[in-house]
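Peer 1: Okay, here's the prediction I keep looking at, along with the sequence it came from:
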Amino acid sequence: MKSLFSKKREMPLALDHMSFEIETGDSLALIGLNGSGKSTLLRAMAGILLPDSGTLEINGDTVALFSLGIGMRMDSTGRDNIILQGMVHGHTEAEMERLIPEIIAFSELGEVINDPLHTYSQGMGVRLSFAVATALRPDILLLDEWIGAGDRVFRDKAQKRLESMVSDARGLVLASHNVHIVRKYCNKALWISKGKIIASGDVEEVLEAFESGT
Amino acid sequence: MRAIDQIKDGLSRYPLWLKLAMTDIRQTYKRSVIGIAWIALSFAIFITAKIIVFGKISPVDPKYFSVWLTVGFWLWVSLSASIVEGTNVFIHSRAWILGTRIPLTVFVFQSIARIFIRSAFSAPVVLIVMLVMGYTPKLDWIWSALGLIIIIINAAWVQLFLGVLCVKFRDMTHLVMAFVHVMFFLTPILYTPDQFEAFAGFFNYNPFTHYIALVREPIVAGGLPVFHWQVVIAMTIIGWGLAISALQGWGRRIPFWV
């Protein structure tokens, strides 16, 4: 991926002349304080926000996990939402039906899958969303902040799955200001502040710069 | 052309928006005993009340008037819903627009599907009124069916156009709702145009008159309402031109404005 773009000529730029590339198998962390532009960049990568200028090349399909419940309906059951999420990402109902057993197994939700989503705890919702997103086998997974929301057992499972994704030569982009999570999951990082890239490179180097700089 | 692609892409994703539309409808009546039957029941109650009250003051044959009013009102519900929900179609789906890469047109088609599936549930009431009043199915009714299809095609451009416009200009939402309220009384549903003698022609300046006439005329008067078809076809072409321009020009900005 390489991008160089800015937005909103008359207002402060949300993303200002960003340019970077990600290789296959990289897991990239977007580090920065709140309001730095991490979420905006993720949404640009997801194809949700289009750049005003510049080019964005993405090789492969992306699945984005932003705030919980996006692309889901609280009134529908977990099972219906699995199908819905899959359809949102371009899969057919039949394809999603085939994936349901694997998703139920990974999320460990069991019978609860037949209950409406508004009865789920946040942790259960995280497990479901993550299970669905990774079951779709995207080329690039885009995660915004909340991977730490599950309990420790789930986080271990999630880490294993993310690791297997990366070794499958898939990509991961994770936006977080939680240094521990970043260290755990990523090998490269971008430090973003006020829409500009301050540092980029190996995760440890960038984290050092970030920790000493803020 | 990006806008045309978005329309084609949106259409191709019909399993998604049909599913969303049905979920919307089911959710509205969840936990109620009568459930979706409420759509037909509430329509039947409205129609009965209106026929009793306005039938009393109408100089026209009561059977004719009952069908006139029922078909007219049935269409009005969908036409007005299309406009009013159109103003909000993107604003309402803000979370999904900011969280998923679904083409904007999917939200329009979801809304249109919801509105017209609902009208399908109250259609039996309309058919019962027609049969009871002695209006039996004729070949002319094929024109009515075609008219209904054209209405749906028009509802789509109205939603797309208003949807885009109202994200940018929120005042338009309120203006449009006020407009729709007023237009109900200026559309010949609760009365027939000939009651207004010399002024009867003015109703032709009202676009709703033509949409309703496409479906109603073949039933109550028979034949093909050529003049109304000409007006509607013109509105369809101009309308889609407007909607495509709006989507082309402002579509990219919707996630920022919504």
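Peer 2: Arrived safely, thanks for sending. Residues are numbered from 1 along each chain as shown, chains lettered A, B, ... in the order given.

Peer 1: Which residues of chain A lie near chain B?
Peer 2: Contact residues, chain A versus chain B (CB under 8 Å from any CB of the partner chain): A:7-8, A:43, A:46-50, A:64, A:66-67, A:69-71, A:73, A:75-76, A:80, A:83-84, A:87-88, A:92-93. Bear in mind the C-beta positions are built from the backbone N, C-alpha and C, glycine included.

Peer 1: For the lowest-mean-pLDDT helix or strand in chain A, which outside residues touch it?
Peer 2: Within chain A, no helix or strand scores below helix A:152-167, which has a mean of 77 by mean pLDDT, DSSP states H and E. The contact list for helix A:152-167, computed with CB atoms under 8 Å, 6 or more residues apart in numbering or on different chains, reads A:25-27, A:106, A:123, A:126-127, A:130, A:134, A:141, A:147-148, A:150, A:172, A:184-185.

Peer 1: And the residue of chain A that's closest to chain B?
Peer 2: residue A:70 (3.1 Å; CB to the nearest CB).

Peer 1: Taking the centroid of chain A, which residue is nearest it?
Peer 2: Per CA atoms, centre = their mean, the C-alpha nearest to the average position across chain A is that of residue A:143, at 1.5 Å.

Peer 1: Pull out the buried positions in the least confident helix or strand of chain A.
Peer 2: Buried residues in helix A:152-167, counted by 16 or more other CB atoms under 10 Å in any protein chain shown: A:154, A:155, A:157, A:158, A:161, A:162, A:165, A:166.

Peer 1: beta partners for the residue nearest to the centre of chain A?
Peer 2: Here residue A:143 sits in beta bridges with residue A:65, residue A:174, going by DSSP bridges.

Peer 1: Which residues are in contact with it?
Peer 2: The neighbours of residue A:143, taking CB under 8 Å, 6+ apart as the test, are A:64, A:65, A:172, A:173, A:174, A:175.

Peer 1: quick revisit: of the buried residues of helix A:152-167, closest to residue B:156?
Peer 2: residue A:165 (39.8 Å; CB to CB).

Peer 1: Next, the buried residues of stretch A:83-99.
Peer 2: Buried residues in stretch A:83-99, defined by neighbour count with 16+ other CB under 10 Å: A:83, A:84, A:85, A:86, A:87, A:88, A:89, A:91, A:96, A:99.

Peer 1: Can you check the distance spanned by it, start to finish?
Peer 2: By CA to CA, to the nearest Å, the extent of stretch A:83-99 from end to end equals 9 Å.

Peer 1: returning to that earlier point: so how far is residue A:63 from the residue nearest to the centre of chain A?
Peer 2: Here residue A:143 is placed at a distance of 10 Å from residue A:63 (CB to CB, to the nearest Å).

Peer 1: ditto for residue B:8
Peer 2: Between residue B:8 and residue A:63 the computed distance is 23 Å (CB to CB).

Peer 1: between the two, which one's more packed in?
Peer 2: Neighbour count, other CB atoms under 10 Å in any protein chain shown: between residue B:8 and residue A:63, residue A:63 has more, with 21 against 12.

Peer 1: what are the phi and psi angles of the more buried one?
Peer 2: Backbone torsions of residue A:63, given as degrees, to the nearest 10, read phi -120, psi 130.

Peer 1: Count the residues that sit near the residue of the stretch 151-258 of chain B found nearest chain A.
Peer 2: Here the stretch 151-258 of chain B gets closest to chain A at one residue, residue B:252, 5.0 Å apart by CB to the nearest CB. If you count neighbours by other CB under 10 Å, residue B:252 ends up with 15.

Peer 1: Show me the shaky parts of chain A.
Peer 2: Applying pLDDT under 70 to chain A flags the ranges A:1-13, A:68-69, A:146-150, A:169, A:214.

Peer 1: Which SSE is immediately downstream of whichever helix or strand residue A:98 is part of?
Peer 2: Using DSSP states H and E, residue A:98 falls within helix A:93-107. Proceeding N to C from helix A:93-107, the next assigned helix or strand is helix A:122-135, under DSSP H and E.

Peer 1: What are the buried residues along that next one?
Peer 2: Neighbour counts over helix A:122-135 (16+ other CB under 10 Å) mark A:124, A:125, A:126, A:127, A:128, A:129, A:130, A:131, A:132, A:133, A:134, A:135 as buried.

Peer 1: before we move on, what about stretch B:217-233?
Peer 2: Neighbour counts over stretch B:217-233 (16+ other CB under 10 Å) mark B:217, B:218, B:219, B:220, B:225, B:228, B:229, B:231, B:232 as buried.

Peer 1: Among those residues, find me the one that's closest to residue A:38.
Peer 2: residue B:232 (50.0 Å).

Peer 1: can you tell me which helix or strand the closest residue in space to the closest one that isn't next to it in sequence belongs to?
Peer 2: Among residues not flanking residue B:232 along the chain, residue B:210 sits closest, at 5.2 Å (CB to CB, 6 or more residues apart in numbering or on different chains). Assessed by DSSP H and E, residue B:210 sits inside helix B:207-220.

Peer 1: Spatially nearest residue to whichever residue of the stretch 1-150 of chain B sits closest to chain A, not counting backbone neighbours?
Peer 2: Nearest residue of the stretch 1-150 of chain B to chain A (CB to the nearest CB) works out as residue B:99 at 3.1 Å. Spatial nearest neighbour of residue B:99, excluding adjacent residues (CB to CB, 6+ apart): residue A:70 at 3.1 Å.

Peer 1: now residue A:47
Peer 2: Per CB to CB, 6+ apart, closest to residue A:47 is residue B:101, 4.6 Å.

Peer 1: Check residue B:85 too.
Peer 2: Using CB to CB, 6+ apart and skipping the chain neighbours, the partner closest in space to residue B:85 is residue B:111 (5.2 Å).

Peer 1: Residue B:159 is in contact with the one you found, correct?
Peer 2: Yes. Counting by CB atoms under 8 Å, residue B:159 is a contact partner of residue B:111 at 5.9 Å.

Peer 1: Common neighbours of the two, please.
Peer 2: What both residue B:111 and residue B:159 touch, as defined by CB under 8 Å, 6+ apart, is the set B:82, B:85, B:86, B:89.

Peer 1: In a markdown table, list the residues you listed along with neighbour count, secondary structure and pLDDT.
Peer 2: Shown next, in a markdown table, are the shared contacts of residue B:111 and residue B:159 (neighbours: other CB atoms under 10 Å in any protein chain shown; DSSP: H, G, I helix; E, B strand; the rest coil; pLDDT from 0 to 100):
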| residue | neighbour count | secondary structure | pLDDT |
| --- | --- | --- | --- |
| B:82 | 25 | helix | 97 |
| B:85 | 19 | helix | 96 |
| B:86 | 27 | helix | 96 |
| B:89 | 23 | coil | 96 |
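
Peer 1: Could you export the residues you listed as JSON lines, including distance to residue B:106?
Peer 2: Below are the shared contacts of residue B:111 and residue B:159 laid out as JSON lines (distance: CB to CB, whole Å):
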{"residue": "B:82", "distance to residue B:106": "16"}
{"residue": "B:85", "distance to residue B:106": "15"}
{"residue": "B:86", "distance to residue B:106": "15"}
{"residue": "B:89", "distance to residue B:106": "10"}
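
Peer 1: Pick out the most distant pair among the residues you listed.
Peer 2: B:82 and B:89 (9.7 Å).

Peer 1: okay, and the common contacts of those two?
Peer 2: In terms of CB under 8 Å, 6+ apart, residue B:82 and residue B:89 are both contacted by the residues B:111, B:159.
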